[in-house]
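Colleague: got a predicted structure here, sequence first:
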Amino acid sequence: MKRRDWLAGSLAASTLAGLSALGDAAETQSGTGASGREIYELKRYQLRNGPEQKLVTDFLRNAAVPALNSAGIRPVGVFHGMVGPENPSVYVLIPYHSPGALLSVRQRLAQDEEYQARAASYLNAPALQPAYIRMESWLLEAFETVPKIEVPPAALENGPRIFELRTYENPSEKANLTKVKMFNTAEIAIFRRTGLRPVFFGNTLIGSHMPCLTYMLTFENMEQRQKNWGVFASDPEWKKLSTTPGYTDPEIITNISNIFLSPAPYSQI
């Protein structure tokens with residue numbers, strides 16, 4: 001292992017361990033995270049065209065999601081890439097009460113014989129026929145004003161819906177916190193009023209392209225998405241907010257990425 005890779009892994013592990021200790025202490029005192037906000041693990045599987053896609057899908061549907069639910073983790077969202085880089089891909093959104101809960105669930109799954117049996121084909125995929133090209137993961141903390149995942153009504157009946165996953169990269173930690181404040185104090189309220197329905201908002205604790213924040217919106221279809229974003233863009237309150245010194249995009253955002261997703265049939269979001 002290269003030294004820089006070892007250092008990166010050690011720093012990530014140390015950070016997660018520190019967050020875990022804080023989360024465990026908070027859970028001991030109150031039964032939930034100190035802030036009352038969820039912690040999200042957002043995972044991305046980059047796949048190949050071919051039978052490996054079914055291997056990952058079967059693993060998520062038959063092993064991972066049921067095991068997480070049995071551990072008290074729900075709702076679990078599973079999404080397929082529609083428009084975005086490096087498709088085919090699958091995204092998984094998993095909510096936890098704290099970083100400590102994430103570690104506890106991983107330890108539980110490692111000892112869960114039923115899970116291990118159901119996941120055997122995926123877990124034991126040979127090196128020359130791996131289940132995926134790569135798997136990436138981000139750890140996010142929910143925003144104060146959207147402290148938990150908001151399941152869209154259409155998900156309850158597996159109705160038509162699409163999702164937009166947006167990531168805002170910031171030029172500095174200060175700019176990142178400024179954009180989070182902007183969302184919490186005004187922008188999310190404008191979103192709701194203009195028909196932009198949140199699923200989650202999260203600030204990245206561990207992951208790539210930091211500092212950054214990520215959020216997900218849901219729509220019935222692309223036509224509704226275009227209409228509602230148009231209403232938002234022309235909203236007088238938004239126009240005033242977005243031109244306020246200190247809150248303009250050139251001051252606090254360096255890049256915005258959009259990915260469009262469709263829910264898997266067994267997705268709980």
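Modeller: That came through fine.
Colleague: skip the chain neighbours and tell me the closest residue to residue 259.
Modeller: Closest residue to residue 259 apart from its sequence neighbours, by CB to CB, 6 or more residues apart in numbering: residue 84 at 3.6 Å. (C-beta placed from N, C-alpha, C; glycine too.)
Colleague: ignore what I typed, I meant residue 227.
Modeller: Here the nearest residue to residue 227 in space, its sequence neighbours aside, is residue 195; by CB to CB, 6+ apart that works out to 7.6 Å.
Colleague: hmm, the one you found is touching residue 233, no?
Modeller: No: in this structure residue 195 lies outside contact range of residue 233 using CB atoms under 8 Å: 11.9 Å.
Colleague: picking up where we left off before, and the residue nearest to residue 259, what is it in contact with?
Modeller: By CB atoms under 8 Å, 6 or more residues apart in numbering, residue 84 lies in contact with 258, 259, 260, 261.
Colleague: centre of the chain to the strand or helix carrying the third one, how far?
Modeller: The one in question is residue 260. Assigning secondary structure by DSSP states H and E places residue 260 in strand 255-263. Using CA atoms, centre = their mean, to the nearest Å, the mean C-alpha position of strand 255-263 is found 11 Å from that of the whole chain.
Colleague: neighbouring strands of it in the sheet, and parallel or not?
Modeller: Sheet pairing of strand 255-263 (DSSP bridges) gives strand 77-83 (antiparallel), strand 162-169 (antiparallel).
Colleague: now that strand: buried residues?
Modeller: Residues of strand 255-263 classed as buried by neighbour count (16 or more other CB atoms under 10 Å): 259, 260, 261, 263.
Colleague: list the contacts for residue 256?
Modeller: Going by CB under 8 Å, 6+ apart, residue 256 touches 166, 167, 168, 169.
Colleague: any idea which of those residues is closest to residue 156?
Modeller: Out of the contacts of residue 256, the one with the shortest distance to residue 156 is residue 166. That distance is 24.2 Å, counting by CB to CB.
Colleague: OK, contacts around that closest one?
Modeller: Counting by CB under 8 Å, 6+ apart, residue 166 has contacts 214, 215, 216, 217, 256, 257, 258, 259.
Colleague: for the stretch 151-269 of the chain, which segments count as helices?
Modeller: Listed from the start of the chain, the stretch 151-269 of the chain has helices (DSSP state H, counting those that start in this stretch) covering 173-182, 188-193, 222-233, 236-242, 249-252.
Colleague: for the residue lying closest to residue 263 once chain neighbours are set aside, grab the count of nearby residues.
Modeller: In this structure, residue 263 finds its nearest non-sequential neighbour in residue 79, 5.7 Å apart by CB to CB, 6+ apart. By the other CB atoms under 10 Å criterion, the neighbourhood of residue 79 contains 23 residues.
Colleague: distance check, residue 79 against residue 148.
Modeller: Using CB to CB, to the nearest Å, we find residue 79 at a distance of 18 Å from residue 148.
Colleague: residue 69 contacts residue 63, correct?
Modeller: No: if you go by CB under 8 Å, residue 69 and residue 63 don't touch, sitting 11.3 Å apart.
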